[in-house]
Each structure stands twice: as C-alpha cells, then as structure tokens.
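Asker: Need the 3D shape of this:
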Amino acid sequence: MKAVIIEDEIKARRILQTLLEEHCPDVQVADAVGDVPNGVKAIMKHKPDVVFLDIELPGFSGFELADFIEDIQFEIIFTTAYDHYALQAFAMSAVDYLLKPIQITQLKSAVEKAKKRLGLQSAEKLKALKDNLSINGPRRIALPVAEGFLFVDQNEIVYMEADNTYTTIYFHNGSKTLVSRSLGEFVELIDSPDFYKPHRSYYVNLNHIRQYNKAEGGHLLMDNGHTVYIARDKKNEFLELMQQRGMK
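Answerer: All right, here's what the predicted structure looks like:
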C-alpha cells in the first residue's frame, strides 16, 4: 500500500515514517511533505492508496486538501494533536483519526482499516468511518451554535427534543441549547445503543431515565425532572429494550 505523509513538523514526519517502516511493513511511504500544495503535487505524482494528513498546516488546513483534488481515490488518515476535529473528519469520510503522540496499536489498526476500505463505495466508507469514530474515537459531538461549535460529551446529554427544523438539547447539568439541526440528523450522527427514539419528537439517553410510568399511554421521567412521552406504537419495543438492558 503506497502512502504519502503531509505533516509540517519535520520531527513528526520522521517519527510517523519510522513507525510505519517498523510496524506496518505493507505500507511504502512514497513521499513526505510539509504543506497542502506540496501534498497535492505528491499525490498527483505517486497516486497513493492512503494519505496521512495533519490538520493544522501552514497556508491551508488539512481539510482544504479536498479543494484541490476533485476525485479523491485514496484513503485519508488524519493525524492531529487535538480531538475537536472529529466531526470534520467524519464529513470528509476519513478512515481514522489519530491523536498525537501516535500510538503503535492505533496506527496499525488505522492501516488495517484503510486496507479493508480500498475499493469500497462512498456510502460504505461513510458507514465504516461512523462505526470507527463511535467505537474508538472521541465520544464528543460538535453542536453548531451562534458563536461556532459547542463540543459536548454524549453522556452529558439527557435527551433531545424536535422543534421544527431545530433541536433543543437538554444536558445533565440542567442547561439546554437550541441547535439549527433537525432531530433526524442527530439520530443518524449519534446512532448509539445508549440512545433511543421513543417518540418522533424525542431522542433520549437511556442512562438518564429515572422512571417509567405506564399511565396515560406511557411516559418517562428523566433525571433532570422532565417528562418524555412514548408513542403508542413504541411502547412494547421500549419495554423489550429495557428488559434486554436488565431493567424492570
């Protein structure tokens, strides 16, 4: 598998190349450069199978690589010292997201994922990345707010409530925020066994349910004191789910 490294720090470039040579012998580093323009030249010349791409680069960020290459035929493995770029990495359908200092086990795992993804269609690649980030990556999600993005841990979310094309998100600390994204988008993004959609208007964190009340068609009392209703056609499904999780 042919690779190109795009990393502005010379020491970091050498370390990554050494790690690949010693622990990923199937990967041949065709070139290692320090910025996006030279990275584009290296990609056009060597036509790599995988690109190890730093995010914070001089001139252009790693995310802007796609602005210079219309048809990306290689896999991307992001390398960065910061964990708040996960959502953008997901949007670019990257293979993996490695935090510096790069751990050998994580590097080997990322390379194996890249091998498996070679030849997959775009939709399959998105699913592969989504599965990867949900299992191995940061469990934080980025919420678009007026000032930019609010990065929160999924575990801090009690539930989400649809508000037309917006979503109100309620947190464990008692705060809430209105986000300009539909509830359906968050259902697709999080897609965690800890979250469940008991009603078309709600997406709840099962770990924050305080009580289930079967009266009035069935509703949930969340641990922030709020009530969430269960749709009639979801009642049996919800009870079966609770039994599977060992709840009565």
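
Asker: Would you map out the domains in this protein?
Answerer: 2-135, 147-244 (automatic domain parsing).

Asker: Run the chain-centre distance for the shortest one.
Answerer: In other words, domain 147-244. Distance, stretch centre to chain centre, for domain 147-244: 20 Å (C-alpha atoms, centre = their mean, to the nearest Å).

Asker: Could you do stretch 12-20 as well?
Answerer: That offset, for stretch 12-20, works out to 25 Å (C-alpha atoms, centre = their mean).

Asker: re earlier: most neighbours per residue, which of the domains of the chain?
Answerer: Each of these was assessed for mean neighbour count using mean count of other C-beta atoms under 10 Å. The highest is domain 2-135, with a mean of 17. No exception for glycine: its C-beta is placed from N, CA and C like everyone else's.

Asker: so where's this structure shaky on pLDDT?
Answerer: For the chain, the stretches with pLDDT under 70 are 83-93, 119-140, 147-149, 191, 216-217, 246-248.

Asker: about what we covered before: for the domains of the chain, give me JSON lines that also has distance to Ile141.
Answerer: Listed next are the domains of the chain as JSON lines, based on distance: least, C-beta to C-beta, whole Å:
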{"stretch": "domain 2-135", "distance to Ile141": "7"}
{"stretch": "domain 147-244", "distance to Ile141": "6"}
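
Asker: got the contact list for Glu7?
Answerer: By C-beta atoms under 8 Å, 6 or more residues apart in numbering, the contact set of Glu7 is Arg13, Leu16, Ala32, Gly34, Phe52, Asp54, Leu57, Thr79.

Asker: let's see it at 10 Å
Answerer: 13-17, 32-35, 39, 52-54, 57, 62, 79, 100 (C-beta atoms under 10 Å, 6 or more residues apart in numbering).

Asker: Among the residues you listed, which lie within strands?
Answerer: Ala32, Val33, Phe52, Leu53, Asp54, Thr79 (DSSP state E).
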